[in-house]
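A.B. asks: Below are the sequence and a predicted model for it; my questions follow.
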Amino acid sequence: MEYLNALVETALAKDEPDGLASALLQRFVDAFVEASVPETAREASTSLAVDWTDYESFAHPPGRDGISADPEAAWGHRRGGGPGEKGELFFGHYCSLATMVRDEEGPEVAELVRHMTLSACSQDPVPVFVRDLVQAAEAGRLQLGDVLADSGYAHRVAEHFALPLRRAGARLVIDLHPQDRGPQGTHGGAICHNGNLYCPATPKRLFELSPLARDASAEEVAAHDQRAAELARYKLGRLTAQDADGYHRVACPALVAKVRCPLRESSMMLDLTRPEVLSPPEHPPTCCTQRTITVPPSVNAKTAQKHDYPSRLWRRSFARRTGVERSNSRMKDPATIDIGKGWCRLTGLVGPTLFLAAALAIRNSAIMDAFEARRADDERRQRVGLPPRTRRRRRTTIAELVAAANAPP
């Protein structure tokens, strides 16, 4: 087996290692992972949740002489996942995954990993992963629909993440980095805010809208969604889809019957329930004088996405991203695969990549078996007139612990 493994690594490795997988190795891994996805499940959804995680090398970090047994590993940074856990440095690679999740209006699907990339920490994992993902889509191995990512992906150069994926046909649903939120300049007089263009007379208080906290009450959620809907009234209306070069046209919100504005006389005939611009610009910009304006792909290149951020539709759509978190947690769970240091006692890039691909294939098989068993059980319960089985509530609150402690003996 060691001799066979050495032959495979030699055939798939680069002549001069640089921390990136060779084209042959990446095609082999794509085919291996895709083979673990049943034909019936491949067309179930086009939505993908993406994320990367750390993979620590089996070799020790370089000593004072600067030499390590793993020449393709490098120092990287990882954050703790639990409360109070701080980030730390590690010596190894970044493993990027794309997990299939259900479409917004589609049925539940098995959360199968459809794509994997392993690269050294000396390489930015985002452009490496996006390049391989786009190549897989162009080769017909994947169909890109919604792509869900956190701010670690979104807070990158647009040419490395957002633009290539849009050109490949993907619809982004991303969490914006705090530095990318809020007004970010203007285009034709319209305000660039959270990936959209807004009327220059938009109330400033609406631009202060931020994502909801996890512990938000029902009243806070309702107030937040009401403000988001009010802000959407001032958004310039989109008239055309993007052309082949990424250009599209938008119109003043008063012309598309969303607000009343004295600069657009026809809009003053609208119903009084629509908001009214009380102080129009003294010197109207282009967006207020022309009927439409052209928006090039460079405007809001990094922040434009499928839904208004952070509206209710965006919040419900982005919640699907937890699928890739479950993929990462299963790979790292000590009770299942546990890809911690020493799990694969091979150095370099080829050996760990092949081992991870095999682990993902096993993980996909287990997820698919559990999904089919759960679906068969739901069908059986439906035939006999029973409701679908609900998942157990595994969280114990502080109140329940206090009540149990104060219970009589």
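C.D. replies: Thanks, I have the structure now. In this text the structure is predicted, and so the values were computed from the model without any measurement.
A.B. asks: Please state the offset of stretch 50-67 from the chain centre?
C.D. replies: Distance of stretch 50-67 from its chain centroid, counting by C-alpha atoms, centre = their mean, to the nearest Å, is 26 Å.
A.B. asks: let me fix that: stretch 123-135
C.D. replies: Distance, stretch centre to chain centre, for stretch 123-135: 14 Å (C-alpha atoms, centre = their mean).
A.B. asks: Pull out the buried positions in it.
C.D. replies: Across stretch 123-135, burial judged by 16 or more other C-beta atoms under 10 Å covers 123, 125-130, 132-135. All C-beta spots, glycine's among them, are computed from the backbone N, C-alpha and C.
A.B. asks: Of the residues you listed, which is the nearest to A373?
C.D. replies: Closest approach to A373 among the buried residues of stretch 123-135 (C-beta to C-beta): L133, at 30.4 Å.
A.B. asks: mind pulling up the phi and psi values for that closest one?
C.D. replies: phi -70, psi -40 (degrees, to the nearest 10).
A.B. asks: What are the phi and psi values at the closest residue to it other than its chain neighbours?
C.D. replies: Setting aside the residues directly before and after it, L133 is nearest to H115 in space (C-beta to C-beta, 6 or more residues apart in numbering), at 5.8 Å. Dihedral pair for H115: phi -160, psi 140, per degrees, to the nearest 10.
A.B. asks: quick one on the thing from earlier: Serialize the buried residues of stretch 123-135 to JSON lines and add fields for pLDDT.
C.D. replies: Below are those laid out as JSON lines (pLDDT from 0 to 100):
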{"residue": "Q123", "pLDDT": "92"}
{"residue": "P125", "pLDDT": "92"}
{"residue": "V126", "pLDDT": "93"}
{"residue": "P127", "pLDDT": "93"}
{"residue": "V128", "pLDDT": "93"}
{"residue": "F129", "pLDDT": "94"}
{"residue": "V130", "pLDDT": "94"}
{"residue": "D132", "pLDDT": "92"}
{"residue": "L133", "pLDDT": "93"}
{"residue": "V134", "pLDDT": "94"}
{"residue": "Q135", "pLDDT": "92"}
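A.B. asks: Of those, which belong to helices?
C.D. replies: Residues of these located in helices (DSSP state H): 125-130, 132-135.
A.B. asks: What strand or helix carries L197?
C.D. replies: Using DSSP states H and E, L197 sits within strand 196-198.
A.B. asks: Now the element after that strand, going C-ward?
C.D. replies: helix 218-233.
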